[in-house]
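Engineer: following is a predicted model, sequence given first.
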Amino acid sequence: MRNMRCWLTGILLFLATGLHAQDLHFTQVAAQPLWLNPALTGDFFGHVRGGLTFRDQWASVPVPWRTFTLGADTRLALPFAGGRQLGLGILLGSDQAGELDYGQTSVRLATALPLAEGSHYALRAGMAVGVLQQRFDPARLQMPAQFDGDLFDPDLPTGESWQATSISGLEWHGGVWLRLSPNDALHLSGGLFAARMRFARRYLGAQAFRRPWRTGVHLHPTWTLTPSLDLQANLLAQWQGPYREMIVGLLARYWLMRNPAAPVQAGAGFYFRKGDAFAPAFELQWHAWEAGFSYDLHLSPFRSATHARGGPEWFLRYTLRLVGPPPAYRGCPLF
């Protein structure tokens, strides 16, 4: 029993301290701005923005990993702040994996403030605070004591005593974001972020702990090649202790309508995660709605278990744009 407990504890603690369990993990890095950088909260053309993402990894192996987010943000005018608006947002995230229903759920509140704005530049800073819980279901375990000869009997006692099957903690996120538009053909944007989590009590025999800082940078240059064609690159690099992750993406977008109030475009491209996967990607925008899809194809040695199929990822986003009153009312001169 002691060997079984040590084995299970080691696996769960490895998952809890790995990069993929530290924070939600996506291929389409720009699909959920509230997940990427809190400084992006409220940075959009419209009044209210809502979006969801769903990722289904490793369906062909016994421990599939499903990740989901649901977020919304808006802006609030600040009195006596020269017309600046405060971005406010909320993000709900969930991970679920394996036969033990190991997973984590988090709720994060984010805010961002423009530090400088002009016709060709913008600088924002943001922060987010959240709570999260990690858990597993010991009822799904099959322990040696439950085997009667060659048969498994779930009604037999496991012989194990679990003092805690979940743990709660706090998370902090901070970031800055910069946009530059030196000319009509080139638009540059990017940011820096840092995040940390802290768990206050013991979990499966482990002492209370803080995870290492997770820091990173993201860049999104866009080139306007023709009036109807854009090319956008997406780069995400992040570090946490010994863990490293780098994702590079390239998307071509064909615009049928560039009107900011009712844009219409379709795009296609790919993402590449260094040392792990290649993912073709597609997206579509129709007025207030945006949708995207990608599919990871494994390049790492793990492909022997997944048959190179990492899994699909979707996102859906809606932006509410209200029509405001005219700046001045003019009566008809005939009446």
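Structural biologist: In hand now; what should we look at? Quick caveat, the model's predicted, so the values are computed rather than measured.

Engineer: check contacts around Ala288.
Structural biologist: 46, 318-321 (C-beta atoms under 8 Å, 6 or more residues apart in numbering). For the C-beta atoms, the positions are set from N, CA and C on the backbone; glycine is no exception.

Engineer: for the protein, which spans come out with low pLDDT?
Structural biologist: 1-23, 62-63, 81, 98-101, 137-150, 152-164, 200-210, 324-335 (pLDDT under 70).

Engineer: in terms of contact, does Ala125 touch Ala112 like I think?
Structural biologist: Yes. Using C-beta atoms under 8 Å, Ala125 is in contact with Ala112, at 6.7 Å.

Engineer: intersection of neighbour lists for those two?
Structural biologist: 39, 177.

Engineer: so the two - more neighbours on which side?
Structural biologist: Ala112 (29 against 16; other C-beta atoms under 10 Å).

Engineer: show me what contacts that one?
Structural biologist: 38-43, 86-87, 89, 124-127, 177.

Engineer: now it. Nearest residue, chain neighbours left out?
Structural biologist: Gly126 (3.2 Å; C-beta to C-beta, 6 or more residues apart in numbering).

Engineer: pull up the gap between that neighbour and Pro33, please.
Structural biologist: 10 Å (C-beta to C-beta, to the nearest Å).

Engineer: shared neighbours of the two, anything?
Structural biologist: The contact lists of Gly126 and Pro33 share 40-41, where a contact means C-beta under 8 Å, 6+ apart.

Engineer: re the thing from before, which neighbouring elements make contact with the helix or strand hosting the residue nearest to Ala112?
Structural biologist: Element membership of Gly126, judged by DSSP states H and E, is strand 121-135. Where contact means 3 or more C-beta pairs under 8 Å, 6 or more residues apart in numbering; DSSP states H and E, strand 121-135 is packed against strand 85-97, strand 102-117, strand 166-183.

Engineer: how about the ones you listed in CSV, adding distance to Leu132?
Structural biologist: Formatted as CSV, the helices and strands packed on strand 121-135 follow (distance: least, C-beta to C-beta, whole Å):
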stretch, distance to Leu132
strand 85-97, 8
strand 102-117, 4
strand 166-183, 6
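
Engineer: phi first, then psi, for Ser304.
Structural biologist: Phi and psi for Ser304, reported as degrees, to the nearest 10, are phi -70, psi -30.

Engineer: most neighbours among the contacts of Ala288, please name it.
Structural biologist: Counting by other C-beta under 10 Å, top hit in the contacts of Ala288: Thr319 with 18 neighbours.

Engineer: excluding its backbone neighbours, what's nearest Gly191?
Structural biologist: Gly191 sits nearest to Trp177 (C-beta to C-beta, 6+ apart), 3.8 Å away.

Engineer: what sits against the one you found?
Structural biologist: Per C-beta under 8 Å, 6+ apart, neighbours of Trp177: 37, 39-40, 43, 112, 123-126, 189-191.

Engineer: just checking, Ala284 touches Glu290?
Structural biologist: Quick fix: residue 284 reads Leu, not Ala. Yes. Applying C-beta under 8 Å as the test, Leu284 and Glu290 come out as touching, 7.3 Å apart.
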